[in-house]
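Peer 1: only geometry, no sequence info:
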């Protein structure tokens, strides 16, 4: 049997052992490599996600954004395994001037072509912004920076060759949902337009700040309004781009004012802004307007119609002060059109339109069917064809106002109480003193430098029916009216009262606080009509109680409110007489005439002439009108006054006879008779002195001394006297008779009804032989004036 050779078993075993050892080693190495790669990837991803790329990579991204038309800086560039390359803390600058920051964006996802990135080719495909916060730094003129935010901002921006395409960008700015879509061309040879001047930049920022500020004052209870914007154009010529925008809101509220169904639609094309629709409604009516503005010419045109709640609109716009006193019970209807030019330093605005309101009250004055046409060019205002129906009639007016020029024409019935709310406080107070059952008919053409009455001047006519001024009635009045230098002049007025008429010229000067009168002629009651000059004047006229209205002429100036330039001259002629209270008794002058001169706190009466008790009275006086100082001084001269009637008035002596003549210069203090003091002379002629009760007992004494002498009539009496503290004092009282004269001295207490008087008898003719005996008979009178006690002085 042949021998078969077998492979050695130990050789096969060695090879199997080598193979078994190599495979696990390779697998281990591979696993380790995979783990290391994964760890490196995780570590790199963690580092890139947390720490971000270095400055060199950020610089390349910024440069690529610059080439795409976006000027930016990146605070941090990270890699998100799910979102890709993310730029954080991005600041967007003006492409024209990198020093001006336009916005801060929290993060932007960059869609890039990595192959192109590594081959240094244009690599930016798109920008993706999701739920970012965009801050707009708006620096004010005082350096204060406002930072409104565009919240929940989403945007996807593509960068096709030579284009920037915004497929959708939206966010919420100041409560308004803003969305935009469009595209811009960015050519390879793109050159940015020259940077804006600082003035123009500040102007645009000011507009943006104002828009943001106004939006922040609105609230939107029914959800945010939406602003939709579509645009297209060339990045190098943004002014020539085309854009459409529509702002809509269901309910907008500002300071309680509700704007419903708000819509604004506009278009920017060919450097012209065209607002084709601007509408909203409120509780009373609606508003509709259109407008356009050209950037090339800086000119604008607009037209609008409103039936809104005007007062609430102005209150919401912080301009309600002008209508604070107005109450609209129906909405005013306003149609207005106009133009504007903003090319100069100051905008030039022109308006023309029509306004009407059927039911309105101004300061509680009800007005109806108010109509007017108006125009305004920024400097000049013209209100024409004004027609107002008020409680007392229909008023027509016209107003023109320009720099240094004001014109007001009024025609129609107008009660003072109705015009008061429209005038300054001082004139309101003056008109408040008039009561007109039927309104006066007024025609006025007023001219001035401005709307303030102090600058007005003009002319017109006024006619009044029965009217009361300061409580005193006039039946009717007519006058020409002249305005000048803050004063109103009633020229050639004619006033009719029950007792007579008055004519002349009367000026009420509000600026100088004075009344000027000239050529006043009247036969009216002074105590009543003096109220028309000054309410304080009647108390100075009241003591003169005329029996019938005197004839009065007046000229001069009367100042009030503390003025010191008063000089008013009044001539009075009262042929029917007057009553005047003197020393507590009423003197009945049967005629009187005189001249009254009112000066600062003084009344001077000169050329006083009158008839009293069948005699004549002449005199003058200076009376203080100062508050708390009622002093006066006067001079009187009487001639032929019926002495019995005078003594009957003051002392109830009805048996006296004769005529009184004399003079009296005196001073006094108000109604205090004891304060009167003065001096004078008196003469009683053609009388019977012994018929005076105070001297009557002397008749019996004389008859005892010289039988028959007591029945001799003492016809004349003279005396110089002084008056002080209610006492009449004389040192040379003399009574003259045929056979004797009686000399006396002493005091008569006319306020206290008593006397202290000494007399002695001097003989005349044959009786002079008894002179030594007469000197023994000196008598003293004491007691009351009506019942004196005469007794010998030496026994």
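Peer 2: On my side now, so go ahead. All figures in this text were calculated on a predicted structure; none of them were measured in a lab. Numbers count the residues shown, from 1 in each chain.

Peer 1: Low-confidence stretches in the stretch 601-750 of the chain?
Peer 2: For the stretch 601-750 of the chain, the stretches flagged by pLDDT under 70 are 651, 653-657, 687-714, 737-740.

Peer 1: the helices in it, which residues?
Peer 2: Taking DSSP state H, counting those that start in this stretch to define them, one finds helices in the stretch 601-750 of the chain at 643-651, 697-705.

Peer 1: which strands and helices sit next to the longest strand along the chain?
Peer 2: Determined from DSSP state E, the single longest strand within the chain is strand 237-254. Secondary-structure packing of strand 237-254 (3 or more Cβ pairs under 8 Å, 6 or more residues apart in numbering; DSSP states H and E): strand 176-185, strand 226-234, strand 257-269. Heads up, the C-betas are built off the backbone N, CA and C, glycines and all.

Peer 1: will you turn those strands into CSV that also has mean pLDDT?
Peer 2: Converted to CSV, the helices and strands packed on strand 237-254 look like this (pLDDT from 0 to 100):
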stretch, mean pLDDT
strand 176-185, 90
strand 226-234, 91
strand 257-269, 94
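
Peer 1: Relative to residue 73, which of those is closest?
Peer 2: strand 176-185 (21.3 Å; Cβ to Cβ).

Peer 1: what's next to that closest one, contact-wise?
Peer 2: Contact partners of strand 176-185, identified using Cβ atoms under 8 Å, 6 or more residues apart in numbering, comprise 69, 150, 162-172, 215, 220, 224-235, 238, 241, 243, 247.

Peer 1: would you say residue 581 is within a strand?
Peer 2: Yes: using DSSP: H, G, I helix; E, B strand; the rest coil, the secondary structure at residue 581 is a strand.

Peer 1: and the closest residue to it other than its chain neighbours, how many neighbours does it have?
Peer 2: Closest residue to residue 581 apart from its sequence neighbours, by Cβ to Cβ, 6 or more residues apart in numbering: residue 543 at 6.2 Å. When counting by other Cβ atoms under 10 Å, one arrives at 14 neighbours for residue 543.

Peer 1: ok, now residue 227?
Peer 2: 18.

Peer 1: just checking, it touches residue 249?
Peer 2: No: the pair residue 227 / residue 249 is not scored as a contact, 9.4 Å apart, by Cβ atoms under 8 Å.

Peer 1: Pull out the buried residues from stretch 787-795.
Peer 2: 788, 790 (16 or more other Cβ atoms under 10 Å).

Peer 1: Quick one: distance of that stretch to the chain centre.
Peer 2: The chain centre lies 80 Å from the centre of stretch 787-795; the measure is Cα atoms, centre = their mean, to the nearest Å.

Peer 1: Okay, now stretch 579-587: how far is its last residue from its first?
Peer 2: Using Cα to Cα, to the nearest Å, the end-to-end distance of stretch 579-587 comes to 6 Å.

Peer 1: quick one: average pLDDT of it?
Peer 2: For stretch 579-587, the mean per-residue pLDDT is 80.

Peer 1: So what's the residue count around residue 564?
Peer 2: Counted with other Cβ under 10 Å, residue 564 comes out at 8.

Peer 1: what about it, which helix or strand?
Peer 2: Using DSSP states H and E, residue 564 is not contained in any helix or strand.

Peer 1: Run through the residues that contact the residue nearest to it when sequence neighbours are not counted.
Peer 2: Among residues not flanking residue 564 along the chain, residue 600 sits closest, at 4.7 Å (Cβ to Cβ, 6+ apart). Listed by Cβ under 8 Å, 6+ apart, the contact set of residue 600 reads 559, 564-566.

Peer 1: What secondary structure category should be reported for residue 199?
Peer 2: helix.

Peer 1: count of residues packed around it?
Peer 2: Neighbour number of residue 199 under other Cβ under 10 Å is 7.

Peer 1: Could you report the pLDDT at it?
Peer 2: 74.

Peer 1: What does the pLDDT read for residue 196?
Peer 2: We have a pLDDT of 66 for residue 196.

Peer 1: hmm, I was thinking of residue 456
Peer 2: Predicted confidence (pLDDT) for residue 456: 75.

Peer 1: who's in contact with it?
Peer 2: Contacts of residue 456 (Cβ under 8 Å, 6+ apart): 406, 408, 446-448, 483-484, 486.

Peer 1: where along the stretch 601-750 of the chain do the strands fall?
Peer 2: Per DSSP state E, counting those that start in this stretch, the stretch 601-750 of the chain carries strands over the ranges 602-612, 615-624, 631-642, 659-669, 672-685, 716-724, 727-736, 740-749.
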